[in-house]
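J.: when you get a sec, could you give me coordinates for this:
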Amino acid sequence: MSNSFRLQLTAWYLFLFTVVFVAFSLFLYGLVSRGLYRRLDDNLSSQARTAAGLLRDELDESHGDAVSAAREVISDLNLGNILVAFFEDGRLLASSTPIESREALDLARRGTSSESDILATIARVGKMKTSRLVAHPISIDGRHFVMLVGESLRATKEDLELLRGLLYVALPLALLIAGAGGFFLATHSLAPLRWMADQAKTITDKNLNRRLDAGAAPAELRVLADSFNELLSRLDQSFETMRRFVADASHELRTPLSVIRGEADVALGHDRTAGEYQETLVIIQDEARRLTRLIDDLLNLARADAGRVNLRIEEFYLNEMLGDCCRAFQAAAGAKRIELQCVCPGDVSFRGDPELLRRLALNLIENAVRHTPAGGKIVVELKTAANQLLIQVADTGIGISPEAAPHIFERFYRGDQARSRQDGGFGLGLSIVKWIAESHRGEVDFTSEPGLGTTFTVLLHR
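T.: This is a model prediction of the structure:
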């Protein structure tokens with residue numbers, strides 16, 4: 001079968017129509033055939049009853065002479081092409097036409113048999129191609145007679161043959177009309193698909209903001225158009241994120257490289273003292289470290305997006321890991337006169353990647369230290385439940401504005417661009433936190449009030 005969906009729909013429509021039409025034709029032919037034969041049998045039975053009544057009257061008038069009575073009945077009936085024959089005890093009394101059928105004679109001789117035998121013989125005689133016969137037994141004053149009534153099947157067979165001819169002609173015509181109609185309906189039904197396909201061809205990465213217009217398409221195709229438009233929305237958002245990511249990454253990479261190149265150019269511009277060279281090398285070293293950290297973060301996120309990060313799962317004490325992270329930032333917090341507390345219960349074991357979870361905690365604490373003003377407070381707390389662990393990092397910092405809240409986990413997003421860059425931030429820390437939490441089948445959320453502080457909560461499942 002062709003790959004054309006339109007032709008497939010037409011073929012299936014034509015196949016089903018053919019099955020229905022053939023079944024209807026067989027049903028109609030059988031119904032008409034049974035009706036014609038039933039009408040013929042009813043007519044013959046009526047003629048037989050009429051002949052039986054006349055025979056009774058004629059026997060009374062002829063003083064029991066069966067032959068003359070039978071001939072008088074045949075003469076009075078004037079039945080034309082209908083056969084009427086009278087038998088008495090197997091002997092032919094009179095007949096409207098000569099009887100040559102052995103089955104008919106046998107039927108008459110069995111006239112005194114039981115009704116079931118008569119019906120069985122009628123059924124066998126009824127299969128004759130020339131005529132349809134009905135035997136009607138009657139008893140008059142102790143005498144047994146059989147009236148044999150028959151009629152030619154020619155007219156009935158001609159009617160059935162005419163019906164068959166009409167059906168033979170009607171079938172090809174009906175199939176031709178059904179095929180053309182099915183092709184037209186399939187073409188008309190699939191027209192919106194062609195229209196939407198033409199629209200889709202005009203959508204590229206330059207105009208992903210366009211959407212398919214379903215117009216007056218059926219509801220099923222509207223669902224398809226809506227699904228495609230949702231896909232375009234996701235693609236548009238992904239492309240926009242990718243463009244912003246490339247632009248931000250390029251900018252972040254260019255800044256330290258520009259500093260390194262500038263310092264090197266200045267240092268090589270003319271002779272300097274050893275102290276000046278050392279100062280320049282320190283600046284270059286700091287920028288190189290910053291650049292290395294940025295590249296590592298980008299590689300980790302790229303591997304996470306590609307699903308190529310293999311967690312090194314092992315069991316460790318989460319409370320000890322958080323204590324080490326807090327001690328790592330005690331000096332930085334003390335320099336800003338920030339109180340850093342670590343509240344952990346007893347030993348809390350957890351199965352996960354200790355290095356990644358350490359990175360998660362360090363990013364959250366570093367973010368809190370960076371955005372908490374002097375004299376503030378940071379509390380790192382580990383809470384346990386039946387099958388869950390909560391890591392909370394709460395600060396009394398500047399908080400997160402409602403405008404920035406939806407974008408806080410986006411890569412390279414920073415609420416205060418100049419200050420974050422000055423403090424050494426890239427806008428990747430919270431993105432990495434979110435990725436690490438989700439890679440451990442957990443989640444991260446936050447609550448914040450501008451000017452009062454922010455609390456980040458990481459939920460981990462044991």
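
J.: count of residues packed around residue 181?
T.: Using other C-beta atoms under 10 Å, residue 181 has 14 neighbouring residues. Bear in mind the C-beta positions are built from the backbone N, C-alpha and C, glycine included.

J.: after the helix or strand hosting residue 43, next one along is what?
T.: Using DSSP states H and E, residue 43 sits within helix 5-61. Following helix 5-61 in sequence order, the next helix or strand is helix 66-77 (DSSP H and E).

J.: how about that next one as CSV, C-alpha atoms only?
T.: Output in CSV follows, covering the C-alpha atoms of helix 66-77 (Å, rounded to 0.1, in the frame of the first residue of the first chain):
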residue,chain,number,x,y,z
ALA,A,66,-65.5,-37.8,-8.3
VAL,A,67,-64.3,-37.6,-11.9
SER,A,68,-67.1,-35.3,-13.1
ALA,A,69,-66.9,-33.2,-9.9
ALA,A,70,-63.1,-32.8,-10.4
ARG,A,71,-63.5,-31.8,-14.0
GLU,A,72,-66.2,-29.3,-13.1
VAL,A,73,-64.1,-27.7,-10.5
ILE,A,74,-61.2,-27.3,-13.0
SER,A,75,-63.6,-25.8,-15.5
ASP,A,76,-65.0,-23.4,-13.0
LEU,A,77,-61.6,-22.2,-11.7
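
J.: residues in contact with residue 13?
T.: 178, 182, 185, 186 (C-beta atoms under 8 Å, 6 or more residues apart in numbering).

J.: quick one on the thing from earlier: next one: the helix holding residue 43 to chain centre, how far?
T.: 46 Å (C-alpha atoms, centre = their mean, to the nearest Å).

J.: what segments of the stretch 201-350 of the chain are helices?
T.: Shown for the stretch 201-350 of the chain, the helices assigned by DSSP state H, counting those that start in this stretch span residues 219-269, 274-306, 318-328, 330-335.

J.: tell me which of those helices sits most buried.
T.: Mean neighbours per residue, mean count of other C-beta atoms under 10 Å, is largest over the helices of the stretch 201-350 of the chain for helix 318-328, with a mean of 18.

J.: from the contact counts, what lies against that helix?
T.: Counting contacts by 3 or more C-beta pairs under 8 Å, 6 or more residues apart in numbering; DSSP states H and E, helix 318-328 is packed against strand 339-343, helix 354-371, strand 377-384, strand 388-395.

J.: select, out of those, the one closest to residue 194.
T.: Checking the helices and strands packed on helix 318-328 against residue 194 by C-beta to C-beta gives helix 354-371 as the closest, at 50.6 Å.

J.: in that closest one, what's buried?
T.: Residues of helix 354-371 classed as buried: 354, 356-371 (neighbour count, 16 or more other C-beta atoms under 10 Å).

J.: and for stretch 389-399?
T.: Buried residues in stretch 389-399, counted by 16+ other C-beta under 10 Å: 389, 391, 392, 393, 394, 395, 396, 397, 398, 399.
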